[in-house]
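1. Curious how this folds, go ahead:
(one chain, ligands or ions: 1)
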Amino acid sequence: MTPVTVPGGKNRLCRVVVPYELKPVDTRRGEQHQPDFLAINPNGKVPVIIDQDTGAKVFDSNAILLYLAERTGQFLPDSTPVARGELLSWLMFIATGVGPFSGQAVHFKHFAPEPKDYAVNRYLYEAKRHYGIIDARLSKQRYMVERLTPSLTWPCGDGRVWCRSS
Ligand SMILES: N[C@@H](CCC(=O)N[C@@H](CS)C(=O)NCC(=O)O)C(=O)O
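-> Numbering: from 1, shown residues only. This next block holds a predicted model:
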């Protein structure tokens with residue numbers, strides 16, 4: 001698989017052993033809204049990847065994770081319905097819960113022009129609640145999905161590794 005082009009972000013694929021070439025996108029200058037970028041991701045957000053071997057263009061952090069895991073055979077649990085269900089559940093928990101609620105919490109707390117207590121409290125509460133679920137799970141097992149190496153958690157191109165530190 002050579003090479004993967006990653007517009008935007010820094011060295012985000014370091015845990016996936018594939019050669020890649022970075023293409024920076026300056027979101028502060030609005031480069032994500034340019035037609036050439038929108039042709040890759042109509043949603044106008046980083047990260048995205050282009051797989052030069054297949055021509056696949058993939059956007060949205062969790063779609064990229066799953067795509068790379070399937071393409072490389074890395075990071076996936078056993079191919080059983082039980083393990084697959086667990087993987088998809090936690091991946092979507094990140095995609096639809098942790099990512100959006102954390103993002104909105106930061107936005108309303110730090111960037112909203114007129115911060116409203118209701119919005120700040122709601123999103124902070126939900127973000128903390130989601131992290132509490134992660135804490136509870138990692139207090140019982142080392143990885144969110146067992147037999148899955150830890151880096152398959154990558155909301156918003158963040159590259160964070162969610163596993164217990166000890
Ligand atoms: N659902 C997307 C969200 C990506 C996202 O929010 N990216 C931010 C940077 S972390 C971005 O592109 N911001 C620029 C903008 O919103 O115009 C994903 O998971 O990849």
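
2. show me where pLDDT drops low in the protein?
-> Along the chain, segments meeting pLDDT under 70 span 1-17, 147-166.

3. Domain-wise, how is it divided?
-> 4-72, 81-157 (automatic domain parsing).

4. Reformat those as TSV; add mean neighbour count.
-> Where you see a C-beta, it was placed from the backbone N, CA and C, and this is true even at glycine. TSV is the format used below for these (neighbours: other CB atoms under 10 Å):
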stretch	mean neighbour count
domain 4-72	16
domain 81-157	15
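
5. which residue sits farthest out from the middle of this protein?
-> Largest separation from the mean C-alpha position in the chain: Glu114, at 28.6 Å (CA atoms, centre = their mean).

6. SS state for that residue?
-> Under DSSP: H, G, I helix; E, B strand; the rest coil, the three-state class of Glu114 is coil.

7. got the residues of the protein near the ligand?
-> Listed as neighbours of the ligand in the chain under the rule CB under 6 Å from any ligand atom: 27, 32, 44-47, 60-61, 99, 156-157.

8. For Asn62, which non-adjacent residue is spatially closest?
-> Take Asn62 and drop its neighbours on the chain: the residue closest to it by CB to CB, 6 or more residues apart in numbering is Ala95, 4.1 Å away.

9. was I right about the one you found contacting Ser61?
-> Yes - counting by CB atoms under 8 Å, Ser61 is a contact partner of Ala95 at 7.4 Å.

10. coming back round to it: and the gap between the residue farthest from the centre of the chain and Phe108?
-> Separation of Glu114 from Phe108 (CB to CB, to the nearest Å) stands at 10 Å.

11. cool, and Tyr118?
-> Between Tyr118 and Phe108 the distance is 9 Å, computed by CB to CB.

12. what does Tyr67 give?
-> As defined by CB to CB, Tyr67 lies at a distance of 31 Å from Phe108.

13. just the strands in the protein please.
-> Taking DSSP state E as the test, the strands found in the chain are 4-7, 20-23, 48-51, 57-59.

14. Switch those strands over to a markdown table; also include distance to Ser89.
-> Output for these, formatted as a markdown table (distance: least, CB to CB, whole Å):
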| stretch | distance to Ser89 |
| --- | --- |
| strand 4-7 | 27 |
| strand 20-23 | 28 |
| strand 48-51 | 24 |
| strand 57-59 | 21 |
